[in-house]
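[1] Would you be able to build a 3D model of this:
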Amino acid sequence: MLAPIAAIHQPEISLSPAALPNYALRTTMRMLAALAASLLFTFTYGTLAAKSRRAEMVLIPLLDVLQSVPVLGYLSFTVVFFVSLFPQRTLGVELAAIFAIFTSQAWNMAFSFFQALRTVPHDLDEASHGFRFSAWQRFWRLEVPFAVPGLLWNTMMSMSGGWFFVVASEAISVGDLQIALPGIGSYVALAIQQQNLAAVGWAIVAMTVTILIYDQLLFRPLVVWSDKFRYEQTAAQVVPRSWIADLFRRTTYLRRAGDAFGAAAQAAARSRLSFLPHVALRPWHPPARWLDVAYALCALVGGAYIGRQLFHFVTPTLSRNDLIEVAINGGITLLRVAILIVIASLIWVPIGVAVGLRPALAEKVQPLAQFFAAFPANLLFPVAVYLIVRFELSPVIWLSPLMILGTQWYILFNVIAGATAFPTDFKEAATTFRIRGWRWWRDVMLPGIFPYYVTGAITASGGAWNASIVSEAVSWGPVSLNGSGLGAYIAQMTTAGDYPRIALGIAVMSVLVVGMNRLLWHPLYRYAERRTRLD
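    Below is the predicted model:
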């Protein structure tokens, strides 16, 4: 990262299979760095949104907007910023790539943590008050442990989501700026550009091996560890296993190191860390209604100012026809997203429940699901382009299935998390009362996983909007197909470096996503939250 920026062009990206281990390591390090930043963002942003009603009024709609903005939309504005911070070093470009990967990881983790904090059971909440936990103790001893099962599966999904957009993150192309960082993403971009199917195959092999390695060394042990945080009164009959976790438990020195780390973590979690001194006199606070009105006015003024600045930015170069074109493209993409959400739900909810209720099956399915979730849509472009051209199909319709790659996995992973966290005593009660068939789905399982499903559907919707930018306009060598839609529009404007039209496309996409979430997903989420609290 401290090397001169010219060093990333010397030598150029090599398509030799021998270069793939180094590229895979570099890509994985960028993704892990982005994952660490995503966890920090999740704990701060999700907590603030869940603890403050007024903060939630701004932060959750803002999160809807942030998850809908495509990676290329971020790159078009952030590359110049990071490069300008370190103009002569590779560090600026590396930070731009890590930030782009961060934007494909953080949002679903924040939604999952927010959902967990809002659905902490009443009895645990009352117990924490009975033991007089400080805010610090409550956070680390109640809220984070309760959120761990769902957050872990969303973390795995985030890692896979980073792979999905790694080509756009490492092979940066914004206007006249062309930068290819050494990594699997740049390797795949060059292989597609040169129509090298053998190199594409080697990239798939490298991705598969890399995913299997970090799944076994990192995520599988974490799944075993997170099983102890399930909220239930009856122990599960079958528990997940991991050879790495067994190795730590059976090896003396590794167990001692783990015990020392665990003791330090327990001591940190149990410390009160009360930063606010005791105040004898209660200060005066204005009525809550006044605060709500003032808060709403500040948000309205801020939004109006941003809208005014955006209007002045795009007005000199845009016409009414541009607005009509963007509105039509937005409607096309919105229809695709809605259809794909329905299809993905019908397919993956039953499969996710079946996997989540069977730890032995989950152990086998987990790495496979991570691989398919991580599979970049770019690697399917040759097949898609060939079939569409060969059979003279309409790109408007047949490019749409590529967006499923950015949609279905959020639903699957969240449903698996919900089924995994489903209390064993509830399952045993359903068995005792012989609740089967449709009644079992209606009265037992669907209410139990509904908060997780809604979280997955919200992030799936954002994932589909993100996937549109690489799925609605594809190319393979000299052949390019345009399926129309807002993603294709933003991709074209980003390549051309047309910033006013990029801003217009992102603004319209944000309005559509926020409207869809406000009218559909968030009412369902509130309903799920009330049901969970009531039950």
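
[2] Can you point out the buried residues in stretch 467-480?
    For stretch 467-480, the neighbour count (16 or more other Cβ atoms under 10 Å) marks 467-474, 476 as buried. Backbone N, C-alpha and C define where each C-beta goes, glycine included.

[3] Quick check: residue 393 is in a helix.
    No: per DSSP: H, G, I helix; E, B strand; the rest coil, residue 393 lies outside any helix segment and is coil.

[4] Residue 180 and residue 193 touch, don't they?
    No: look at residue 180 against residue 193 with Cβ atoms under 8 Å: they stay out of range, at 10.3 Å.

[5] The two - which one has more neighbours?
    Counting neighbours by other Cβ atoms under 10 Å for residue 180 and for residue 193 shows that residue 180 has the greater number, 19 against 12.

[6] That one: what's it in contact with?
    Residues near residue 180 by Cβ atoms under 8 Å, 6 or more residues apart in numbering: 8-9, 12-13, 170-172, 186, 189-190.

[7] How about it, nearest residue that isn't a chain neighbour?
    With Cβ to Cβ, 6 or more residues apart in numbering as the criterion, residue 180 has its nearest non-adjacent residue at 4.2 Å, and that residue is residue 186.

[8] Centre of the chain to the helix or strand containing the one you found, how far?
    Using DSSP states H and E, the element containing residue 186 is helix 184-193. Helix 184-193 has its C-alpha centroid displaced from the chain centroid by 23 Å (Cα atoms, centre = their mean, to the nearest Å).

[9] For the helix or strand following it, name the packing helices and strands.
    Counting by DSSP H and E, the next helix or strand C-terminal to helix 184-193 is helix 197-214. Judged by 3 or more Cβ pairs under 8 Å, 6 or more residues apart in numbering; DSSP states H and E, the packing partners of helix 197-214 are helix 20-41, helix 144-164, helix 184-193, helix 359-374.

[10] Make TSV from the ones you listed and add mean pLDDT and distance to residue 433 to it.
    As requested, the helices and strands packed on helix 197-214 are exported to TSV (pLDDT from 0 to 100; distance: least, Cβ to Cβ, whole Å):
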stretch	mean pLDDT	distance to residue 433
helix 20-41	93	41
helix 144-164	85	26
helix 184-193	84	51
helix 359-374	76	24
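
[11] how about those helices in a markdown table, adding distance to residue 499?
    Putting those into a markdown table (distance: least, Cβ to Cβ, whole Å) gives the following:
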| stretch | distance to residue 499 |
| --- | --- |
| helix 20-41 | 25 |
| helix 144-164 | 25 |
| helix 184-193 | 23 |
| helix 359-374 | 31 |
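
[12] Are any of the contacts of residue 180 buried, and if so which?
    8, 13, 170-172, 186, 189-190.

[13] Which member of the residues you listed is positioned nearest residue 395?
    residue 189 (21.0 Å; Cβ to Cβ).

[14] Wait, the closest one touches residue 169, no?
    No: assessed by Cβ under 8 Å, residue 189 is found out of contact with residue 169, at 10.4 Å.

[15] So, low pLDDT: which residues of the stretch 201-350 of the chain?
    Applying pLDDT under 70 to the stretch 201-350 of the chain flags residues 232-239, 273-292, 295, 299, 310, 313-314.

[16] In the lengthiest helix in the chain, which residues are buried?
    In the chain, assigned by DSSP state H, the helix with the most residues is helix 320-356. Neighbour-count burial for helix 320-356, with 16+ other Cβ under 10 Å as criterion, is recorded at 322, 325-326, 329-330, 332-334, 336-337, 340-341, 344-345, 348-349, 351-353, 355-356.

[17] who does that helix touch, helix- and strand-wise?
    Contacts defined by 3+ Cβ pairs under 8 Å, 6+ apart place helix 320-356 against helix 359-374, helix 408-421, helix 446-471, helix 486-496, helix 499-516.

[18] would you list those helices in CSV and tack on distance to residue 129?
    Formatted as CSV, the helices and strands packed on helix 320-356 follow (distance: least, Cβ to Cβ, whole Å):
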stretch, distance to residue 129
helix 359-374, 34
helix 408-421, 23
helix 446-471, 23
helix 486-496, 47
helix 499-516, 35
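
[19] Distance of the nearest residue to residue 1 once chain neighbours are set aside relative to residue 32?
    The shortest distance from residue 1 to any non-neighbouring residue, by Cβ to Cβ, 6+ apart, is to residue 91 (4.2 Å). Using Cβ to Cβ, to the nearest Å, we find residue 91 at a distance of 17 Å from residue 32.

[20] and if you look at residue 405?
    Separation of residue 405 from residue 32 (Cβ to Cβ): 22 Å.

[21] Same drill for these two, tell me which one is more crowded.
    Using other Cβ under 10 Å, the more surrounded residue of residue 405 and residue 32 is residue 405, with 22 against 16.

[22] Residue 480 falls within a strand, correct?
    Yes: assignment of residue 480 by three-state DSSP places it within a strand.

[23] Looking at strand pairing, list the partners for it.
    Beta bridges link residue 480 to residue 475 when assigned by DSSP bridges.

[24] I figured it was touching residue 474, is that so?
    Yes: the pair residue 480 and residue 474 passes the contact test of Cβ under 8 Å, sitting 7.3 Å apart.
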